[in-house]
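Engineer: need a structure here:
(one chain, ligands or ions: 2)
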Amino acid sequence: MILWQRTYRKGQREIPMKRLIKDSLNHEFFDDVQFETSAARSSQFPTMTIPEIAIVGRSNVGKSSVINCIFNRKKLAYTAKNPGKTRLLNFFAIKYKGVVSSRIVDLPGYGYAKVDKSLKKSWEKTLLNFIWTRQMLVASLMITDCRRPLTDIDELMLDILIKKKIRYHILLNKSDKLNHSEKIIALKNCNVALEEKDPAFKNNGSCSLFSATKRYGLEELRFKLMAWLIK
Ligand SMILES: Nc1nc2c(ncn2[C@@H]2O[C@H](COP(=O)(O)OP(=O)(O)OP(=O)(O)O)[C@@H](O)[C@H]2O)c(=O)[nH]1
Ligand SMILES: [Mg+2]
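Structural biologist: Residues are numbered from 1 along each chain as shown. Ligands and ions are numbered 1, 2, ... in the order given. Sure, this is the predicted structure:
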């Protein structure tokens, strides 16, 4: 406890030790990441040996952008102006202290209408198969556009996560598009909706504002991910 209260003098400013530890941990954990593989069907999923976090959400809400933001990389996951960019499940391996210790999985966006019906069906089937069968899935990060959070299809996905008792965090992305009071309302509404929906929300779920382009909320998000992945 005493260590956490000490400060480190840098120039004229005193930086709390707690802050320093936080920063160094953060950077170390998210420094070493590599694209591992893509999968169009479940037979192509990598073996289930390490903890995984699934990134889910509607098309175009910014799932791939959030991944790039978390790892401070520009093109780790491919992003696009138009919906439907990520059509496969993309697995990213995180190395911690030199060892591949966990995975982040970028899932294809659901609810995108302008795509061939059979293709859409096949990728939504693979996506659901992933959520239902991965035994090492420790949590799910649901990305939403803060201007339209929790659409019907998000609610369906949430029902599955709740039923499977998978912990979740709802990220209200693109918050750079809202003013201060709109942000407060969006966050409050989301919390109220989740409390009503999920009796175990306080233990299993949470939500926060985010902006992948402005990097708002990044530190809080990284801590959430680390808490899920490091036992
Ligand atoms: N203003 C703003 N734009 C964002 C933000 N995050 C993502 N975008 C933009 O939203 C668009 C979609 O981003 P992607 O990361 O490709 O979205 P996705 O959810 O991976 O999309 P699919 O792969 O098609 O499901 C891109 O034009 C991004 O630049 C954000 O925080 N703020
Ligand atoms: Mg994508």
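Engineer: The residue nearest to Ser211 when sequence neighbours are not counted: how many residues sit nearby?
Structural biologist: Nearest residue to Ser211, sequence neighbours excluded (CB to CB, 6 or more residues apart in numbering): Asp176, at 4.2 Å. For glycine as for every other residue, the C-beta is placed from the backbone atoms N, C-alpha and C. For Asp176, the neighbour count with other CB atoms under 10 Å is 15.
Engineer: and Asp176, what does it touch?
Structural biologist: Ser211, Thr213, Lys214, Tyr216 (CB atoms under 8 Å, 6 or more residues apart in numbering).
Engineer: Which two among these are spaced furthest apart?
Structural biologist: Farthest pair in these (CB to CB) is Thr213 and Tyr216. Separation: 8.9 Å.
Engineer: Tell me which of those two has more neighbours.
Structural biologist: Per other CB under 10 Å, whichever of Thr213 and Tyr216 has more neighbours is Tyr216, with 18 against 13.
Engineer: Who does the more buried one form a beta bridge with?
Structural biologist: Ser211 (DSSP bridges).
Engineer: So for the one helix or strand Lys183 maps to, what gets flagged as buried?
Structural biologist: Element membership for Lys183 (DSSP states H and E) is helix 180-197. Of the residues in helix 180-197, Lys183, Ala186, Leu187, Cys190, Asn191, Ala193, Leu194 count as buried by neighbour count, 16 or more other CB atoms under 10 Å.
Engineer: Show me what it is packed against.
Structural biologist: helix 152-163, strand 167-173, helix 201-204, strand 205-209 (3 or more CB pairs under 8 Å, 6 or more residues apart in numbering; DSSP states H and E).
Engineer: do that helix and ligand 1 meet?
Structural biologist: No: Helix 180-197 is not in contact with ligand 1 by CB under 6 Å from any ligand atom; minimum separation 12.5 Å.
Engineer: One more: stretch 62-80?
Structural biologist: Yes: judged by CB under 6 Å from any ligand atom, stretch 62-80 and ligand 1 are in contact via Gly62, Lys63, Ser64, Ser65, Thr79, Ala80.
Engineer: Redo the helices and strands packed on helix 180-197 as JSON lines? Include distance to Asn90.
Structural biologist: Putting those into JSON lines (distance: least, CB to CB, whole Å) gives the following:
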{"stretch": "helix 152-163", "distance to Asn90": "18"}
{"stretch": "strand 167-173", "distance to Asn90": "18"}
{"stretch": "helix 201-204", "distance to Asn90": "26"}
{"stretch": "strand 205-209", "distance to Asn90": "24"}
